[in-house]
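Visitor: Quick one, what's the 3D model for this:
(chains A and B, ligands or ions: 2)
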Amino acid sequence: MNDTTITFEIDGIEVHGREGQTIMGAADTAGIYIPRLCAFEGLPAFGSCRVCTVKVNGRFQSACTQPVAEGIMVENDTDELLEFRRNIIDMLFVEGNHYCMFCEKSGNCELQALAYRFGITAPKYPYMFPADRNVDASHKDVFIDHNRCILCARCVRASRDLDGKNVFQFVGRGPGKRIAVNSRANLADTDLEVTDKAVEVCPVGAILRKHVGYTVPIGQRTYDHEPIGSDIEANKQ
Amino acid sequence: MQDTQDMKRIVIEPVTRVEGHGKVTILLDEENRVKQARLHIVEFRGFERFIQGRPYWEAPVLVQRLCGICPVSHHLAAAKAMDQIVGVDELTPTAEKMRRLMHYGQMFQSHSLHFFHLASPDLLFGFDADVAIRNVIGVAAKHQDLAVQGVMMRKFGQEIIKATAGKKIHGTGAIPGGVNKNLSIEERDSFLKDIDQMIEWSRGALAIARNYTIENLEAIAPFGSFDSNHLSLVREDGAMDLYHGNLRAIDANGGKIFDQVDYNNYLDYIGEDVRDWSYMKFPFIKSIGPENGWYRVGPLARVNACDFIDTPEAEAARQEFMAVTNGKPNNLTMAYHWARMIETLHSIEKIRDLLHDSDLQGTDLVLKGDRRPEGVGLLEAPRGTLFHHYRVDENDQVVMANLIVSTTSNNEPMNRAVTKVAMDHISGKAEITEGLLNRIEVAIRAYDPCLSCATHALGRMPLVVRLVDHEGNEVAKKST
Ligand code: SF4
Ligand code: FES
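Guide: Ligands and ions are numbered 1, 2, ... in the order given. Below you'll find the predicted structure:
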């Protein structure tokens, strides 16, 4: 990485980035919000959710992994891409058991906040109601509710790269893929601690601290007043 | 993952589905005389399974899905049970008063809604009046001021709920061991601005219910009426307390069956009977047995059971109410309406007093104690005593939930009321007249059962009445 400035366009607006920076990184600095779920500041990009999909010179790319390049034309806020992203959010909702109305993550949940930002009130696909998702509440301070996991791998990366522990990893393939812990038994048998970064990064209500649900009143939660992405858009000059 | 493999997942659908019809079956004997009437209510027992495996702090929010009409009552009853789970026996003054404010707000809006939308047409036009006028639209046309008051009173109660729970429906205000917010000065002042008007209108509604009862006493005395036991929470000094207290049961003459029972021991005093024709259980007082131990709950039972009310205007109204029956319990089904309006006035008096209490602006919101495996929470919901009982395992997951909702307790009384009405109006002819249909509707409505929730919008209660002969054949069917 060096200081050479790279100039390109997002939706016709001139944006400057540095070599090695991703499109998402440069857009953030410029105050242009590109929706995301698996990307998280401080974690290596993973590129799995595809919510950040943009078009670069007419081709679909994930903005969280694609590096900036001189003169590229990036499409972000277009009807086509909004529809594409909306469909992904819709599918994530029906794939799990997401009941916002009583979920303690409500108001702080990135998936819910994206649905609001995209104006989704009810998913257009049929609910799958998966019956094989369980709750692991064996740990005294933290629990996992697999009903709500969207397989973003933030916990996997945070535990490995920030906590140096490898508590979480994926097992299974395709529709059977899920998050597992690195022990033969339960979360309680791992060396996970409540202060671990891995506990903080979950975008949804799948990994949560125990005993503190609902302590923040409605009206003071992260997305009660401003839609998700507003903090980035505030960077706009 | 051995231990967690059997956790039940949550399926929302059966909980959110609302049964909108009351179904009544009237059984006839060989001479076409009424043997028995049965009111079928769909109850959400399945909920007690859905909550298994969920973390305990989720319960007060999750249980609100149980009922679209008094979610706040479930929210608070579950929170009270969860206070015990987290080892807290006494909340901070701010938490206790915020919860009370929420509860009185709920009582006020629920009673107002029932009175103006469902009951007032019966009371203003008489229950023999043409159904074409005897509805909330008829009230709006003839008594415009009343219709407006009903809407405004309900809104006031809902705003109180919003200020205490965060949302008008399905809020999060009560959490195990306390609450998550206090009342800001601005919120308080916005309520104080309207409080005198609310009290004034509550007096007016009370007068309508009182006058109706007194002026028509002769006609309504036998209507769907019968002697019964009454059950309610009362404060330690015998005062009415809608949010907290000990259990008291009295018989039809006011004799105490039990008194000042710690509700944690409710299972020693209350049993639940099962009948083959209904999914709903039939609770009864154990010392009397399932046959005669059934009891009424709700406004009538509460006004009958308490020794006094601790707000002056409601207490004056209670004394007048009790004088009608010479101080003995009032057992008239139609007296529910009057009792409900006494409670409405009591609730708004309580709200006024709370708004003047600076504890509501306190900042000590939550307490924590030592975790316990079991918790019971009771309160007096608008429709009557509400029981919540949970066991939580060492992983903090709910392993057992038992709920007795008010409409379940009033199950037998409503069946009796319908039977009484049917007996008085079917005499040897296997037909359902318009008058019978009307009267069944009016009798059930006096109890304000949850099944009316789907119908508040139009102020009509969809009802299907079937007549079944002694051989089990349906001989007539009619719906409203
Ligand atoms: S548990 Fe949370 S952070 Fe981990 S993969 Fe699932 S959704 Fe992502
Ligand atoms: S945020 Fe880029 S793929 Fe998930």
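Visitor: Next SSE downstream of the longest helix along chain A?
Guide: Across chain A, the longest stretch assigned as helix under DSSP state H is helix A:79-95. Note on helix A:79-95: by DSSP states H and E, the next helix or strand toward the C-terminus is helix A:110-117.
Visitor: Quick check: what element follows that following helix along the chain?
Guide: Using DSSP H and E, the helix or strand that directly follows helix A:110-117 along the chain is strand A:135-136.
Visitor: distance of residue A:102 from ligand 2?
Guide: Separation of residue A:102 from ligand 2 (Cβ to the nearest ligand atom, to the nearest Å): 27 Å. Heads up, the C-betas are built off the backbone N, CA and C, glycines and all.
Visitor: What is the neighbour count of that residue?
Guide: 21 (other Cβ atoms under 10 Å in any protein chain shown).
Visitor: contacting residues for it?
Guide: Taking Cβ atoms under 8 Å, 6 or more residues apart in numbering or on different chains as the criterion, residue A:102 is in contact with B:58, B:61-62, B:64-65, B:170.
Visitor: what about the closest residue to residue A:141 other than its chain neighbours, helix or strand, and which?
Guide: Nearest residue to residue A:141 in three dimensions, chain neighbours excluded: residue A:194, at 3.8 Å (Cβ to Cβ, 6 or more residues apart in numbering or on different chains). Using DSSP H and E, residue A:194 sits in no helix or strand.
Visitor: ok, residue A:194 touching residue A:142?
Guide: Yes - with contact defined as Cβ atoms under 8 Å, residue A:194 reaches residue A:142; the gap is 5.7 Å.
Visitor: Overlap of the contact sets of those two?
Guide: residue A:209.
Visitor: Those two: which is more packed in?
Guide: A count of neighbours by other Cβ under 10 Å puts residue A:142 above the other of residue A:194 and residue A:142, at 22 against 12.
Visitor: hmm, back to that, check what contacts the longest helix of chain A and list those residues.
Guide: By Cβ under 8 Å, 6+ apart, helix A:79-95 touches A:35, A:37, A:49-51, A:53-55, A:75, A:98, A:111, A:114-115, A:118, A:120, A:123-128, A:130, A:150.
Visitor: Pull out the buried residues from these.
Guide: A:35, A:37, A:49, A:51, A:53-55, A:75, A:98, A:111, A:114-115, A:118, A:120, A:123, A:150 (16 or more other Cβ atoms under 10 Å in any protein chain shown).
Visitor: quick one, domains of chain A?
Guide: Domains of chain A are assigned by automatic domain parsing as A:5-77, A:87-209.
Visitor: Compare those domains and report which one is nearest to residue B:109.
Guide: domain A:87-209 (20.1 Å; Cβ to Cβ).
Visitor: That closest one near ligand 1 anywhere?
Guide: Yes - using Cβ under 6 Å from any ligand atom, domain A:87-209 reaches ligand 1 at A:149-155, A:179, A:201-204, A:206-207.
Visitor: quick one: terminal-to-terminal distance for that domain?
Guide: This stretch, domain A:87-209, spans 30 Å end to end (Cα to Cα, to the nearest Å).
Visitor: Lowest-confidence member of the residues of domain A:87-209 next to ligand 1, which is it?
Guide: In terms of pLDDT, residue A:179 ranks lowest among the residues of domain A:87-209 next to ligand 1, with 92.
Visitor: where's the nearest residue to residue B:132 once chain neighbours are set aside relative to chain A, distance?
Guide: Take residue B:132 and drop its neighbours on the chain: the residue closest to it by Cβ to Cβ, 6+ apart is residue B:138, 7.6 Å away. Going from residue B:138 to chain A by Cβ to the nearest Cβ, to the nearest Å gives 36 Å.
Visitor: Just the element for residue B:138, please.
Guide: Assigned by DSSP H and E, residue B:138 belongs to helix B:136-142.
Visitor: following that helix, which helix or strand comes up?
Guide: helix B:144-165.
Visitor: For the closest residue to residue B:202 other than its chain neighbours, which residues are in contact?
Guide: In this structure, residue B:202 finds its nearest non-sequential neighbour in residue B:345, 4.5 Å apart by Cβ to Cβ, 6+ apart. By Cβ under 8 Å, 6+ apart, residue B:345 lies in contact with B:199, B:202-203, B:206, B:311, B:313-314, B:317.
Visitor: ok, now how distant is residue B:345 from ligand 2?
Guide: In terms of Cβ to the nearest ligand atom, residue B:345 sits 57 Å off from ligand 2.
Visitor: My reading is that that residue is in a helix; is that accurate?
Guide: Yes - with DSSP: H, G, I helix; E, B strand; the rest coil as the criterion, residue B:345 is part of a helix.
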